[in-house]
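Undergrad: Model the structure of this input:
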Amino acid sequence: MTLDCVHDGFDIPEYGVRVRWLVTRGELCDAHLPGVLSTPDGGWPLLRFTCLGVAAAFRFNFVTHPESRLLGLRSDDATPEDIDRVFRGNAATPRDRLGEPNEGNWPDSRNLMWRDGRVRVHYWAGERDGAETGRRHSLSVSFHAGKPRAWVPPLNYEHDDGKIVGHITRSRVTADGGTALDDETVVDALPAKFHTVNAAVLYKHWQTPELQERMDTLLAEIVGGGSGSCRWNACSTGSTTH
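TA: Below is the predicted model of the structure:
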């Protein structure tokens with residue numbers, strides 16, 4: 001498995017350009033693709049091209065960077081044809097270029113994910129909840145290494161922001177059945193019921209006796225299956241301690 005081909009950016013073969021991550025919207029529109037991009041709903045810039053062998057209309061994500069720099073692209077195309085045939089046809093090229101998916105490999109549910117320390121690629125096909133959305137297929141490429149480290153969110157205890165006990169290292173949104181949803185899924189495309197799954201680090205050692213006692217109690221509850229474990233499981237949170 002290798003994601004080297006998208007480590008620093010991605011190709012737009014139809015226009016003979018390579019776009020690098022962290023460009024600004026102005027740099028993308030003026031230097032790389034002048035007069036080409038559209039914003040039909042006033043949102044993310046949109047362009048139809050071929051990425052990793054998948055031809056679709058891709059939106060460019062400048063929203064999730066504090067300086068409005070490019071952190072990803074995502075397609076979400078309607079698919080009136082047989083969804084299994086579409087998935088098999090489109091999934092073949094990313095597999096050939098990237099190798100076997102290392103983060104998620106569920107061909108029966110039409111869901112493939114690749115990830116390393118810099119980027120994440122997700123290809124999915126199926127039916128969204130709600131008759132109005134119908135059959136869709138989606139490819140996203142996310143440059144997670146470009147997110148500032150200051151974005152690491154703190155982890156609090158019992159939803160009290162005065163009781164920080166660690167920090168969140170990774171989050172994922174899933175449908176009710178457990179299928180991962182793409183990082184750039186827009187609100188209107190979310191299913192009626194979904195879950196947030198977090199991975200977190202707990203700060204095991206504290207300088208004051210009061211804070212140390214609180215952490216020792218929390219860890220004992222998690223390990224022993226007590227009330228703390230119930231709270232954490234209910235919040236779909238996994239944790240490690242350091």
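Undergrad: T196 belongs to a strand?
TA: Yes. With DSSP: H, G, I helix; E, B strand; the rest coil as the criterion, T196 is part of a strand.
Undergrad: Quick check: it touching V173?
TA: Yes. Counting by CB atoms under 8 Å, V173 is a contact partner of T196 at 5.6 Å. Where C-beta positions appear, they are placed from N, C-alpha and C, glycine not excepted.
Undergrad: Looking only at neighbour counts, state which of these two leads.
TA: Counted by other CB atoms under 10 Å, T196 and V173 do not tie: V173 has more neighbours, with 15 against 11.
Undergrad: Which parts of stretch 109-122 count as buried, going by neighbours?
TA: 110-116, 118-122 (16 or more other CB atoms under 10 Å).
Undergrad: Enumerate the positions of stretch 121-140 that are buried.
TA: Result for stretch 121-140 [16+ other CB under 10 Å]: buried residues 121-126, 128, 135-140.
Undergrad: Quick check: the two most widely separated of the residues you listed?
TA: Taking every pair in the buried residues of stretch 121-140 and measuring CB to CB, the maximum separation is 21.2 Å, between V121 and R135.
Undergrad: Show the backbone phi and psi for L46.
TA: phi -130, psi 140 (degrees, to the nearest 10).
Undergrad: Now do it, the pLDDT please.
TA: At L46, the model reports a pLDDT of 90.
Undergrad: What of G162?
TA: 61.
Undergrad: And V17, by the same measure?
TA: V17 is given a pLDDT of 92.
Undergrad: got the contact list for the closest residue to it other than its chain neighbours?
TA: Sequence neighbours aside, H32 is the residue nearest to V17 in space, at 5.0 Å (criterion: CB to CB, 6 or more residues apart in numbering). Going by CB atoms under 8 Å, 6 or more residues apart in numbering, H32 touches 12, 15, 17, 19, 23.
Undergrad: how does it look with 10 Å?
TA: Counting by CB atoms under 10 Å, 6 or more residues apart in numbering, H32 makes contact with 9, 12, 15, 17-20, 23.
Undergrad: All good on my end, thank you.
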